[in-house]
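S.K.: what follows is a predicted structure for the sequence shown.
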Amino acid sequence: MTLVMIATICAGLFTGAALYVNLVEHPARLSCGSEIALREFAPSYKRGTVLQASLALLGFLAGIVAAWTRSDATLAAASLLLVPVVPFTLVVILPTNKRLLDPALDPRSSHAAALLTRWGRLNAVRTVLSLLAFLAFLWRDVGGTSFRILAQH
C-alpha cells in the first residue's frame, strides 16, 4: 500500500467518522435530552478523540512524505488540509469540551443544552476541513489515474 493510499484512507475515515457524528450520533444524543446527552458525551468523546487524532496525524504524515518524495503540490495541499483539524480542536473546541465534561455543569440547564448545540456546530467545521482534504486526495488520485489511462491509449 502506498503512502498516498494510506493518506487518502485516513482522510476518508476521518471524514466518515466526523460525518457520522454530525449527522447521526450527535443529533441522536441531543434527541434524548441534555441529561442523557451529557452522560453519553464523555465516553464517546474519549473514544472519538483517540480515533480521529490518530487518523489526522497518520493521514497528514503519510501525505506529506508522499508529497515530498514525489514533489507533488496537490498531495502537499491535501495533507495540509488535515493539519488545521488538530489545532482547531485544541484551541476552539476543547474549551467547550471541558465545560461539557465539568461535573459542576447542571445537565438539565439551558446552558448545558446550548453547549451541546455549540459543540455540534464546531464539530461541523472539522467535518468540512476533513472532507476538503479527502476530496483533494481523491481528486489527485482520480486525476492521476485518468491521465495514466488516457496516456496508455
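M.R.: Right, received. Where do you want to start?

S.K.: poorly predicted segments of this structure, please.
M.R.: Filtered on pLDDT under 70, the chain yields the residue ranges 143-153.

S.K.: for it, just list every one of the helices.
M.R.: All helices of the chain, identified by DSSP state H, fall at 3-20, 26-31, 34-70, 73-82, 85-88, 94-101, 110-152.

S.K.: could you dump the ones you listed to CSV with mean neighbour count?
M.R.: (C-beta placed from N, C-alpha, C; glycine too.) Listed next are those as CSV, based on neighbours: other Cβ atoms under 10 Å:
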stretch, mean neighbour count
helix 3-20, 20
helix 26-31, 15
helix 34-70, 17
helix 73-82, 21
helix 85-88, 17
helix 94-101, 14
helix 110-152, 16
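
S.K.: which residues does stretch 23-32 contact?
M.R.: With contact meaning Cβ atoms under 8 Å, 6 or more residues apart in numbering, stretch 23-32 is reached by I36, A37, E40, F41, S44, L116, T117, W119, G120, N123.

S.K.: any idea how far the residue nearest to T96 when sequence neighbours are not counted is from A37?
M.R.: Leaving aside its sequence neighbours, T96 sits nearest to W119 (Cβ to Cβ, 6 or more residues apart in numbering; 5.2 Å). W119 sits 10 Å away from A37, going by Cβ to Cβ, to the nearest Å.
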